[in-house]
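> Task: produce atomic coordinates for the following.
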Amino acid sequence: MPITLADRIGIEERELISIIGAGGKSTVLFTLGRELADPSHRVILTTTTMMAADQITEPTCWADDPIEVERALEPGVPLFVVTGEVPGKATGPTPAAVDRLFLETSADFVIVEADGARSMSIKAPADHEPVIPRLSTTVIVVAAIDAIGRPISKVAHRPNLVANLAGVQVDDPLTIANAAKVLTHDNGGLKSIPGSARIVMAITKVTRETEASANELANILETHPRVNRAVTVPSRSIALS
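The predicted structure follows:
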């Protein structure tokens, strides 16, 4: 039986899961939602920032009121909660509203994309980022391995911040060691994560050619005392055999 991403991350029986960082957050969100929405589980998907409207294919509830969301929840089918839209984008509830959905609905899992990265492969957060619900039980920090070896200016969202945290210049190539510095920095990948949350690092877009580099980065990340686990995610298929 294939080992799912949820298995590898170590998702427990009931969780509020926040996904931050860059380079595959939406893929992780939808993959977890579909894996966890078995016939006995109710799953809410949402975002505390904005998401491309055409990414959302699940049934949608256009309100964050727990009573309305509860009415729309069904076992086995992820429900996407949005609160509005701007051209091409769906907007989601506030972190406090997501906490209420976790507390006041029967959802077994609430999974939220809590950061933006404009399709880049690694990021450092601005002052207002990330937007993590306070009751998050697991926070997944995402970065894509395809950033390694390329100039920071070409692969990073907020490249000047990434370079500053790494202690290099913005046009320098990103090394594995420097990526690890950014991802484990209190003002980088670990910023604003609730102290009670488990932290899982997810290295995405892994190919046969980059597998060794991804494993090396994951091994470094797992040595950090605040990181509970690091996983690698293949570029074509999330599920692993």
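> and the closest residue to Gly88 other than its chain neighbours, what is it in contact with?
Among residues not flanking Gly88 along the chain, Ala53 sits closest, at 6.0 Å (Cβ to Cβ, 6 or more residues apart in numbering). C-beta coordinates here come from the backbone N, C-alpha and C atoms, glycine included. Applying Cβ atoms under 8 Å, 6 or more residues apart in numbering, we find Ala53 in contact with Glu85, Gly88, Lys89, Ala90.
> Make JSON lines out of those and add neighbour count.
Converted to JSON lines, those look like this (neighbours: other Cβ atoms under 10 Å):
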{"residue": "Glu85", "neighbour count": "12"}
{"residue": "Gly88", "neighbour count": "10"}
{"residue": "Lys89", "neighbour count": "16"}
{"residue": "Ala90", "neighbour count": "22"}
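> Contacts only, for Ile44.
With the criterion set at Cβ under 8 Å, 6+ apart, Ile44 makes contact with Val69, Leu73, Pro78, Leu79, Phe80, Val81, Leu101, Thr105, Ala107, Phe109, Val110, Ile111.
> 10 Å - rerun?
By Cβ atoms under 10 Å, 6 or more residues apart in numbering, the residues touching Ile44 are 16, 33, 37, 58, 61, 64, 69-70, 72-73, 78-81, 98, 101-102, 105-112.
> Point out the ones among the residues you listed that are inside helices.
Gly33, Val69, Glu70, Ala72, Val98, Leu101, Phe102 (DSSP state H).
> got the contact list for the closest residue in space to the third one that isn't next to it in sequence?
In space, not counting the residues next to it along the chain, Glu70 is nearest to Thr105; the distance is 4.8 Å by Cβ to Cβ, 6+ apart. By Cβ under 10 Å, 6+ apart, the contact set of Thr105 is Arg42, Ile44, Pro66, Ile67, Glu68, Val69, Glu70, Arg71, Ala72, Leu73, Leu79, Val81.
> rewinding a little: put the buried members of the contacts of Ile44 into a PyMOL selection.
Only the buried entries of the contacts of Ile44 go into this PyMOL selection, using 16 or more other Cβ atoms under 10 Å:
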select buried, resi 16+33+37+58+61+64+69+70+72+73+78+79+80+81+98+101+102+105+107+108+109+110+111+112
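> returning to that earlier point: tabulate the contacts of Thr105 (a markdown table), appending distance to Thr175 and pLDDT.
Output for the contacts of Thr105, formatted as a markdown table (distance: Cβ to Cβ, whole Å; pLDDT from 0 to 100):
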| residue | distance to Thr175 | pLDDT |
| --- | --- | --- |
| Arg42 | 43 | 98 |
| Ile44 | 38 | 98 |
| Pro66 | 46 | 98 |
| Ile67 | 51 | 98 |
| Glu68 | 48 | 98 |
| Val69 | 44 | 98 |
| Glu70 | 48 | 98 |
| Arg71 | 51 | 98 |
| Ala72 | 46 | 98 |
| Leu73 | 45 | 98 |
| Leu79 | 41 | 98 |
| Val81 | 39 | 98 |
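> Do a quick rundown of the strands in the protein.
Using DSSP state E, the strands of the chain run over 15-21, 43-47, 50-52, 60-61, 79-81, 84-86, 89-91, 109-113, 122-123, 138-144, 156-157, 198-206, 229-234.
> Give me whichever of those strands is most buried.
strand 122-123 (a mean of 30; mean count of other Cβ atoms under 10 Å).
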